[in-house]
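# please find the sequence and the predicted model below.
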Amino acid sequence: MMAFIQAYGVTCPLGRGKTAVAEALFAGRTDCLTATRTIPVGAVTGTLPPVPEATADLDCRNNRLMLTALHEIRDAVTAATTRYGAHRIAVLCGTSTAGIADGEAALIAYRRTGNWPPGFHYRRQETGHLALFAARALGLKGPAYTIATACSSSGKVFASAVRLLRTGVADAVVVGGADTLCGMTLAGFGALEALSPTRCNPFSANRDGITIGEGAAAFLLTRDPGPIEVLGIGETSDAHHPSAPDPEGRGAASAIQMALREASLGPSEVSYINLHGTATPLNDAMESRVIASLFGGEIPCSSTKGMTGHMLGATGGVEAAFLCLSLTQGRLPPHIWDGQQDPALPLLNFVTQGQTVTGRAMLSNSFGFGGSNVALVLGLPR
């Protein structure tokens, strides 16, 4: 037994809500990446909704962004609460930035005035409060915790949710994640010399680093049959290096193979792969070799980060939502790059705009710092 996605919501630089995101995603829009100072970022524009009064002490931009995704699953969660009870629904979220941006703004105010902004509390910067916020916002009383494993965070929540359902700890699980732009992240990746001065260019011979983005996604999982099935999940931790991937991709390959085994699928039965595809020289080299060795060069694949930027702890969840959109609409996200193949890398079958697909299973990869790898296989019900 796996689990089924009953409802999902998504917000990212491509738009707010499934309809807006799908329109921009399949059209290959890149105007969502806007310049800030000297580099582009993938920002969610416009005013975010205020948080409920019951969560006022946890108010921050990261939680407001999460709230936009939660709005799309609220009706399904309400129905599940009526059926199972609030104490039987767990909440698992992934993030890496939490409310750091609000902490940065508060520190600037403190240095200028000598006083912290009214109502500010350092707790908003704590990684763990994202799940607490989501549980309070939805009125849920089951287990609630946050997973923070860098860029694999909101992919790994699916694995934890399936375990809670399998063991009977919960009858339904809200999963997802959110990350928002903040100065520390941009400065940190800048110090690593990992930021591209232009829009990121995944798998190109000219790739020179990542573009940072922000986003949020939320899903309701239960054991009951639903429109999309969680077919298989693979998790590994190769601990090769604090920031660089294992050049041979052994941990990444193992996670993918584990997900396929759990899904009882062969490589030829996967119809599309959403690549991690950060556009850094080392990640793209590793991932392309792993995909070519496991799947060959025929399977359609793309990195969507040329449209959204790398949403860090939210990327696994948001890109899982992209899989849901592709599965239900039969369309594929195009691979946005300059078309310049790196002769040192295996040739992959990158999706072009307007490409469609038939098939019931798709794969999404998320690889985090420290060698934290997760592969997620979603599909139409068996």
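Looks like it arrived, so ask away. In this text, all values refer to a predicted model and were calculated from it rather than measured experimentally.
# look up how far G234 lies from the closest residue to D238 other than its chain neighbours.
Distances taken as C-beta to C-beta, 6 or more residues apart in numbering place G251 nearest to D238, at 3.0 Å, with adjacent residues excluded. (C-beta placed from N, C-alpha, C; glycine too.) G251 is 10 Å from G234, where distance means C-beta to C-beta, to the nearest Å.
# same check, this time on A144
25 Å.
# of the two, which one has the most company?
G234 (25 against 22; other C-beta atoms under 10 Å).
# residues in a beta bridge with that one, which ones?
Beta-bridge partners of G234, counted by DSSP bridges, are A375.
# correct me, but it touches A253?
No. Under the criterion of C-beta atoms under 8 Å, G234 makes no contact with A253, lying 9.6 Å away.
# A helix includes A285, no?
Yes. Looking at A285 with DSSP: H, G, I helix; E, B strand; the rest coil, it is inside a helix.
# just give me the neighbour total for it.
Neighbours around A285, by other C-beta under 10 Å: 19.
# shouldn't it be in contact with D246?
No. With contact defined as C-beta under 8 Å, A285 does not count as touching D246 (11.1 Å).
# before we move on, back to that, between G251 and G234, which contacts overlap?
Contact with both G251 and G234 is made by residues N373, according to C-beta atoms under 8 Å, 6 or more residues apart in numbering.
# ends of stretch 87-103, how far apart?
32 Å (C-alpha to C-alpha, to the nearest Å).
# can you give me the buried ones in it?
88-103 (16 or more other C-beta atoms under 10 Å).
# can you pull the phi/psi pair for V41?
Per-residue torsions, V41: phi -140, psi 160 (degrees, to the nearest 10).
# what segments of the protein are helices?
With DSSP state H as the criterion, the chain has helices at 18-27, 61-71, 74-84, 100-113, 129-138, 153-167, 183-191, 250-263, 281-295, 305-308, 315-329.
# so how far is the fourth one from its chain's centroid?
A distance of 28 Å separates the C-alpha centroid of helix 100-113 from that of its chain, computed with C-alpha atoms, centre = their mean, to the nearest Å.
# do the fifth one as well
Taking C-alpha atoms, centre = their mean, the mean C-alpha location of helix 129-138 is offset from the chain mean by 18 Å.
# could you check the angle helix 61-71 makes with it?
Taking axes from the mean of the first three to the mean of the last three C-alpha atoms, to 10 degrees, one finds helix 129-138 and helix 61-71 inclined to each other by 40 degrees.
# other SSEs contacting helix 129-138?
helix 61-71, helix 74-84, strand 89-94, strand 144-147, strand 172-179 (3 or more C-beta pairs under 8 Å, 6 or more residues apart in numbering; DSSP states H and E).
# what lines up beside the shortest one in the sheet?
Neighbouring strands of strand 144-147 in its sheet, by DSSP bridges, are strand 89-94 (parallel).
# could you list the low-pLDDT ranges of the stretch 201-350 of the chain?
Applying pLDDT under 70 to the stretch 201-350 of the chain flags residues 243.
# so where's the stretch 51-200 of the chain uncertain?
Checking the stretch 51-200 of the chain against pLDDT under 70 turns up nothing.
# could you rerun that using 90?
Along the stretch 51-200 of the chain, the parts satisfying pLDDT under 90 run over 54, 57, 99-107, 118-128, 150, 182-194.
# hang on, the earlier thing: nearest to A292, of the buried residues of stretch 87-103?
G94 (28.5 Å; C-beta to C-beta).
# who does the closest one form a beta bridge with?
Beta-bridge partners, per DSSP bridges, of G94: I147, G177.
# contacting residues for it?
130, 146-149, 152-157, 176-177, 313-314, 316-317.
# can we see that at 7 Å?
T146, I147, A148, S153, S154, K156, V157, G177, G313, G316, G317 (C-beta atoms under 7 Å, 6 or more residues apart in numbering).
# how close does the fifth one get to D31?
Distance, S154 to D31, by C-beta to C-beta: 25 Å.
# comparing the two, which shows the higher neighbour count?
Of the pair S154 and D31, S154 is the one with more neighbours under other C-beta under 10 Å, namely 39 against 9.
# the more buried one and G317 touch, don't they?
Yes. With contact defined as C-beta atoms under 7 Å, S154 reaches G317; the gap is 3.3 Å.
# which residues do the two both contact?
Counting by C-beta under 7 Å, 6+ apart, the residues touching both S154 and G317 are G94, G176, G177, A217.
# so which of those is the closest to L165?
Closest to L165, out of all of the shared contacts of S154 and G317 and judged by C-beta to C-beta, is G176, at 15.7 Å.
# my read: that closest one touches A218, true?
Yes. Contact criterion C-beta under 7 Å: G176 and A218 qualify, at 3.7 Å.
# which residues do the two both contact?
A69.
# quick one, what contacts Y272?
P300, C301, S326, L332, V357, M362.
# correction: E262
So E262 contacts G232, I233 (C-beta under 7 Å, 6+ apart).
# from G277, how far off is the spatially closest residue to G266 that is not a sequence neighbour?
Leaving aside its chain neighbours, G266 sits nearest to L260 (7.1 Å; criterion: C-beta to C-beta, 6+ apart). As judged by C-beta to C-beta, L260 and G277 stand 19 Å apart.
# look at those two and report which has more neighbours.
Each of L260 and G277 has its neighbours counted (other C-beta under 10 Å); G277 has more, 31 against 23.
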